[in-house]
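Asker: model this:
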Amino acid sequence: MSQSNAIKLSEPTSYIIPDFLDFKICPFPLRVNPHYQPTARISEAWLDAHRIHPNAKHRRAFEACDFGLLTAMCYPEADKDRFRILCDYINCLFAFDDLTDEGGLRKDGDGTEKAWHIVMRALRDPFHYETPFKCGKIFSSFWGRAIEVGIGEGTQHRFLEYTELYLEAVHKQVVNRKENKVLGVNDFVALRRDTGALKMCFAMGEFGLNLRIPDAIFGHKSIKIMEDCANDVVVLSNDIYSYNIEQAQGDTMNIIEAAMKEHDLDVQGAIDFAGQLVIDRIKLYLETKANLPSWGPEIDSDVRLYLSTCEDWMVAGFSWSLVSKRYFGDQVENVKATRVVKMLPRQTPRGQAVIPDL
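Answerer: Below you'll find the predicted structure:
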């Protein structure tokens with residue numbers, strides 16, 4: 001028996017997470033939008049008015065995550081009106097994520113596919129499409145207001161394209177979860193770039209800054225490399241932070257599980273492996289940024305603003321995860337101080353959800 005297999009059999013009780021906030025690793029400054037409060041509370045009340053939460057306990061747990069703070073960290077320069085819409089968007093995204101990750105759709109491929117098509121119809125016709133599916137209603141609400149405030153045609157196209165990719169990937173993930181499938185590292189990272197919704201979030205960064213970057217810029221190799229790096233940094237570090245909850249629910253859709261299987265690692269070894277992937281992506285992002293071409297002063301300025309959204313998302317993901325109760329509950333301050341995470345016992349996810357017909 002290999003040493004790693006012996007360690008696995010010993011059922012580890014804790015592990016240590018990387019210190020991504022070390023400035024030598026993450027040189028991006030943390031910024032917070034000045035409209036954070038009371039906008040975040042207003043957005044939470046808006047979500048609650050749509051009766052998204054199945055019960056009061058879930059609402060309290062959802063609001064304890066403080067997704068408004070995450071929004072403020074990710075979009076620090078958005079004006080008040082756009083920031084409110086961004087808060088609603090992030091709340092929508094996590095409400096849907098909860099439904100498919102730990103809620104009633106986590107192993108329901110057919111239900112997830114129906115939800116996918118409802119959300120896309122709601123986004124393509126936000127002013128007229130009607131559905132009893134609550135997530136569909138809130139997506140059409142925030143998106144309709146984004147269009148009214150003003151959003152470039154290219155940004156609209158990217159957001160809708162990336163949302164379709166996200167929903168399709170979430171459906172694949174749900175099917176994989178139902179089959180208890182563990183993907184290889186490369187296949188997992190490719191899927192995770194869409195299930196993490198960061199492409200959508202970067203497009204909403206264009207909205208938040210009211211940018212009008214020519215579509216051709218987004219096809220440039222360097223921009224694509226930097227987007228992929230920032231995406232990987234956020235989603236893979238998120239997998240590290242969320243691993244304890246996911247292992248407790250028996251979820252295999254995580255970079256830690258992929259690394260353990262492919263490289264015959266124990267939990268700590270897989271955490272360290274994923275952490276190095278994150279560090280390597282930050283290095284590649286910075287190297288690529290240092291060699292960006294010029295498209296002229298005006299476009300260069302807008303590109304810098306757009307890339308600031310990618311950088312804000314990276315540092316925000318690290319920072320928010322260590323102050324929010326999303327992943328570590330009441331132990332978050334201790335985890336931030338020590339970086340030691342105590343393994344949770346197995347838990348039971350929430351029950352089945354019913355998705356209405358189209």
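Asker: What average pLDDT does the strand or helix carrying A270 get?
Answerer: Counting by DSSP states H and E, the element that carries A270 is helix 267-289. Mean pLDDT, helix 267-289: 98.
Asker: How about stretch 93-105?
Answerer: 73.
Asker: ok so, going back, identify each buried residue in whatever helix or strand comes next after the helix holding A270, please.
Answerer: Using DSSP H and E, the helix or strand that follows helix 267-289 in sequence is helix 297-321. By 16 or more other CB atoms under 10 Å, the buried positions in helix 297-321 come out as 302-303, 305-321. C-beta here means a position set from N, CA and C on the backbone, and glycine is covered the same way.
Asker: I'd like the next helix or strand past helix 297-321.
Answerer: helix 332-338.
Asker: Outside of that next one itself, list whatever touches it.
Answerer: 17, 322-325, 328, 340-341 (CB atoms under 8 Å, 6 or more residues apart in numbering).
Asker: Run through the residues that contact the closest residue to M314 other than its chain neighbours.
Answerer: Excluding the flanking residues, the one nearest M314 by CB to CB, 6 or more residues apart in numbering is V233, at 4.8 Å. Neighbour list for V233: 278, 281-282, 285, 314, 317 [criterion: CB under 8 Å, 6+ apart].
Asker: Surely V233 is within a strand?
Answerer: No - V233 is assigned helix when assessed by DSSP: H, G, I helix; E, B strand; the rest coil, not a strand.
Asker: Kindly state the pLDDT recorded for it?
Answerer: 98.
Asker: Likewise for M1?
Answerer: At M1, pLDDT is 39.
Asker: Name the SS class of V341, please.
Answerer: strand.
Asker: Show me which of the contacts of V233 is closest to D48.
Answerer: Nearest to D48, judged by CB to CB, of the contacts of V233 is G317 at 25.3 Å.
Asker: ok, the closest one to R346 distance?
Answerer: 27 Å (CB to CB, to the nearest Å).
Asker: elements contacting the helix holding A270?
Answerer: Other elements packing on helix 267-289 under the criterion 3 or more CB pairs under 8 Å, 6 or more residues apart in numbering; DSSP states H and E are strand 14-16, helix 221-248, helix 255-263, helix 297-321.
Asker: Tell me how far K181 lies from E44.
Answerer: Taken as CB to CB, the span from K181 to E44 is 35 Å.
Asker: picking up where we left off before, got CSV for the helices and strands packed on helix 267-289, with distance to I25 too?
Answerer: Below are the helices and strands packed on helix 267-289 laid out as CSV (distance: least, CB to CB, whole Å):
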stretch, distance to I25
strand 14-16, 15
helix 221-248, 10
helix 255-263, 18
helix 297-321, 9
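Asker: quick one, which of these is nearest to I213?
Answerer: helix 297-321 (5.0 Å).
Asker: Kindly calculate the angle that that closest one makes with helix 221-248.
Answerer: Angle of helix 297-321 versus helix 221-248, following axes from the mean of the first three to the mean of the last three CA atoms, to 10 degrees, is 10 degrees.
Asker: Okay, angle between helix 297-321 and helix 267-289 too, please.
Answerer: Using the same axes, to 10 degrees: helix 297-321 against helix 267-289 is 160 degrees.
Asker: What average pLDDT does helix 297-321 get?
Answerer: On average, the pLDDT along helix 297-321 is 98.
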